[in-house]
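> model the structure of this input:
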Amino acid sequence: MSEMNPVQEALRDLLAYALEMGLIEREDVIYCGNTLLWILQLDVLEVTEQDVLERAKELEVDPDTEDGTLLEETLKVLLDDAAARGLIDGNSIAARDLFDTKLMGVLTPRPGEVVGIFRDIYEEDGPEAATTYYYDLSCNSDYIRRYRIRKDQKWQTATPYGDLDITINLSKPEKDPRAIMAAGKARSTAYPKCQLCRENEGYAGRLDHPARENHRIIPIRINDSDWFFQYSPYVYYNEHCIVFNGQHVPMKIDHDAFCKLFDFVTQFPHYFVGSNADLPIVGGSILSHDHFQGGHYTFAMARAKVERSFTVPDYEDVKSGVVAWPMSVIRLSGPDADRIIELADHILDSWRAYTDEDAFIYAETEELGQMVPHNTITPIARMNGENYELDLVLRNNITTDEHPLGVFHPHAELHHIKKENIGLIEVMGLAVLPSRLQAEMLQLKEAMLSGAELRADAVLGKHADWVDELRQRYDDINEENIDQILRDEIGEVFLHVLEDAGVYKRTPEGQAAFDRFIQSL
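Okay, here's the model as predicted:
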């Protein structure tokens, strides 16, 4: 084989990768190579089909262990060359992402082909095999950027409620100032309406909206309506999926939502699925588009046991109980989904109208002459053997002058670690912490070991009270134990975050108030 220049070698490797990972067939090699050539504005494809076939054999990529390193290195060569020739405006991370997604879109099977394969596998081998195919495709096509996901810091912290999952999210790129500036100069558009709309499939993207040429979605029917199924590109947990309405309509927790959740786990019994609450502060980041999140993972809340059972009149056939969890969770279970949904409707309606001033629970308050609702629910559905299971997490978004971000929201003393809303993922026991913490914890480690004063530090000053507590709590903080101490204590902060978000506290008084609500059902 004659020696190629680095760009042609990268083209060969990219085609070989796509062939080896099953994205393209042998007959697609020249066609895809020429299409890549056009995007890269190159004149000649020096790569032959035989070159690609031989290189694919050399790669010996194992789909089970592939972490994206090969793809990342290959794309970097092509991106650097394109940037040097002025094909990537600004060469920011956002601009490079737009460009390499265009390249990967050439190599990703068309939507109809993906959906057909998914449905065939579902019918022949079952839902778990179908989702495995689809998840692998989403990774291999670089829609899920594995080489970024592996940078996330993850650990578990033992608590009285089980092992909480902690992650510092490093896979979602920070906003690049150059991209922000360029996006501000770009023509504004309202298409797609949001990042969850089905129109994202195949969309070229903008500096303020991710490219999705390599994105494929699966149509599903739940509760006799058209919905779609995809994976989150950031994968906070195993096979983290998003199930979204085909229409751009707001989120709403109601009877239909419960029906849709159970329809989904009936079709995909190896997955859980849940919904963010439908009110600000206690809801998710996108309330404008009805959607759920699910996946192939068992969270600490799902492992938590029912600590006391109760029976609701007329629903004696549904097992009901309070879950041993820092937030306020009612678990319903039984073989009849319809009966669980009926009881869930009753609990939701009761909770929305429920006020207990002694527990500072207000169904609504007057603001600017209008009554504003505060009570809602975060529901999570799963199969547990032959039984359906539904966790109903009671939420309230009331604010006060003392707690302007929410009474049942992380309080100010915890904001140095976690200030953002407590959505579905956090409710179940996984802390998604901001990327700033990685650098801050490294700086904090050095400051604590050196005994430095933190209060005057512009970045670390917010951690000063916390560090003072740690210094009092631990007799000896040294180079060998400080990393584990910081991980454990961050996990402890997250536990307090969940306790703050619980409407009924884990105290005798709080649980007595919880029982008052249960008795009102």
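
> just for the stretch 101-250 of the chain, where's the confidence low?
Filtered on pLDDT under 70, the stretch 101-250 of the chain yields the residue ranges 172-188.

> how about stretch 404-413: buried residues?
Under the neighbour-count criterion of 16 or more other CB atoms under 10 Å, stretch 404-413 has 406, 407, 408, 409, 410, 411 buried. For every residue, glycine as well, the C-beta is placed using N, CA and C.

> what is the most widely separated pair among these?
Spatial extent of the buried residues of stretch 404-413 (CB to CB) is set by the pair 407 and 410 at 11.0 Å.

> would you say residue 515 is within a helix?
Yes - counting by DSSP: H, G, I helix; E, B strand; the rest coil, residue 515 is part of a helix.

> contacts only, for residue 77.
6, 7, 9, 10 (CB atoms under 8 Å, 6 or more residues apart in numbering).

> need the pLDDT of the last one.
Just to be clear, that refers to residue 10. If you check residue 10, the pLDDT there is 97.

> isn't it up against residue 79?
No - if you go by CB atoms under 8 Å, residue 10 and residue 79 don't touch, sitting 9.5 Å apart.

> got any ranges where this protein has weak pLDDT?
When residues are selected by pLDDT under 70, those of the chain lie in 1-2, 63-64, 172-188.

> most centrally placed residue in it?
Residue closest to the average C-alpha location in the chain (CA atoms, centre = their mean): residue 236, at 4.8 Å.

> which of the three states applies to that one?
Assigned with three-state DSSP, residue 236 falls in the coil class.

> the spatially closest residue to residue 345 that is not a sequence neighbour: how many residues sit nearby?
Once flanking residues are discounted, residue 345 sits nearest to residue 255: 5.2 Å by CB to CB, 6 or more residues apart in numbering. A count of nearby residues for residue 255, using other CB atoms under 10 Å, gives 14.

> gap between residue 255 and residue 518?
21 Å (CB to CB, to the nearest Å).

> again with residue 166
Residue 166 sits at a distance of 32 Å from residue 518 (criterion: CB to CB).

> what about these two, which has more around it?
More neighbours surround residue 166 than the other of residue 166 and residue 518, with 22 against 17 (other CB under 10 Å).

> so which elements touch the helix or strand containing the more buried one?
In this assignment (DSSP states H and E), residue 166 forms part of strand 162-168. The contact analysis (3 or more CB pairs under 8 Å, 6 or more residues apart in numbering; DSSP states H and E) places strand 162-168 against strand 153-159, helix 300-303, strand 430-433, helix 482-501.

> and that strand with strand 153-159, angle?
With axes from the mean of the first three to the mean of the last three CA atoms, to 10 degrees defining the directions, strand 162-168 sits at 150 degrees from strand 153-159.

> in strand 162-168, what's buried?
Neighbour-count burial for strand 162-168 flags 162, 164, 165, 166, 167, 168 (criterion: 16+ other CB under 10 Å).

> for the fourth one, which non-adjacent residue is spatially closest?
Sequence neighbours aside, residue 431 is the residue nearest to residue 166 in space, at 4.8 Å (criterion: CB to CB, 6+ apart).

> tell me how far that neighbour lies from residue 152.
Here residue 431 is placed at a distance of 12 Å from residue 152 (CB to CB).

> surely residue 489 meets residue 467?
No - if you go by CB under 8 Å, residue 489 and residue 467 don't touch, sitting 9.6 Å apart.

> CA atoms of stretch 355-365 as PDB?
Taking Å, rounded to 0.1, in the frame of the first residue of the first chain, the C-alpha atoms of stretch 355-365 are listed here in PDB:
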ATOM      1  CA  THR A 355     -52.900  21.900  52.700                       C
ATOM      2  CA  ASP A 356     -51.400  21.300  56.100                       C
ATOM      3  CA  GLU A 357     -50.300  24.600  57.600                       C
ATOM      4  CA  ASP A 358     -48.600  22.900  60.500                       C
ATOM      5  CA  ALA A 359     -46.200  21.200  58.100                       C
ATOM      6  CA  PHE A 360     -45.900  24.300  55.800                       C
ATOM      7  CA  ILE A 361     -47.700  22.500  53.000                       C
ATOM      8  CA  TYR A 362     -49.900  24.800  50.900                       C
ATOM      9  CA  ALA A 363     -51.800  23.600  47.900                       C
ATOM     10  CA  GLU A 364     -51.800  27.100  46.500                       C
ATOM     11  CA  THR A 365     -51.100  30.700  47.400                       C
END
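
> contact partners of it?
The contact list for stretch 355-365, computed with CB under 8 Å, 6+ apart, reads 352-354, 371-375, 396, 398, 407, 503-504, 510, 513, 516-517.

> could you do stretch 275-291 as well?
Applying CB under 8 Å, 6+ apart, the contact partners of stretch 275-291 are 193-197, 242-245, 247-253, 257, 261, 292-293, 373-374, 376-380, 395-397, 399, 405-406, 408-409, 421-424, 501.

> so which of those residues are in helices?
Using DSSP state H, the subset of the contacts of stretch 275-291 located in helices is 257, 261, 424, 501.

> in CSV: those, plus neighbour count.
Below are the ones in helices among the contacts of stretch 275-291 laid out as CSV (neighbours: other CB atoms under 10 Å):
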residue, neighbour count
257, 22
261, 28
424, 21
501, 26
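
> which of those lies closest to residue 105?
Once CB to CB is applied, the member of those that ends up nearest residue 105 is residue 424, at 30.1 Å.

> residues contacting that closest one?
Residue 424 touches 274, 275, 276, 284, 293, 378, 380, counting by CB under 8 Å, 6+ apart.

> and which of those is nearest to residue 19?
Among the contacts of residue 424, and counting by CB to CB, the member closest to residue 19 is residue 293, at 33.3 Å.

> and the closest one, what are its bridge partners?
For residue 293, the beta-bridge partners are residue 242, residue 274 (DSSP bridges).

> quick check: it touching residue 242?
Yes - Residue 293 lies in contact with residue 242 (CB under 8 Å); the separation is 5.7 Å.

> among the two, which residue is more densely surrounded?
A side-by-side neighbour count of residue 293 and residue 242, using other CB under 10 Å, places residue 293 first with 23 against 20.

> quick revisit: tell me which of the helices and strands packed on strand 162-168 approaches residue 17 most closely.
Among the helices and strands packed on strand 162-168, strand 153-159 comes nearest to residue 17, with 26.5 Å by CB to CB.

> the closest one pairs with which strands?
Strand 153-159 has the following strand partners under DSSP bridges: strand 162-168 (antiparallel).

> run the angle between the strand it pairs with and helix 482-501 for me.
Inter-element angle recorded for strand 162-168 and helix 482-501: 110 degrees (by the same axes, to 10 degrees).
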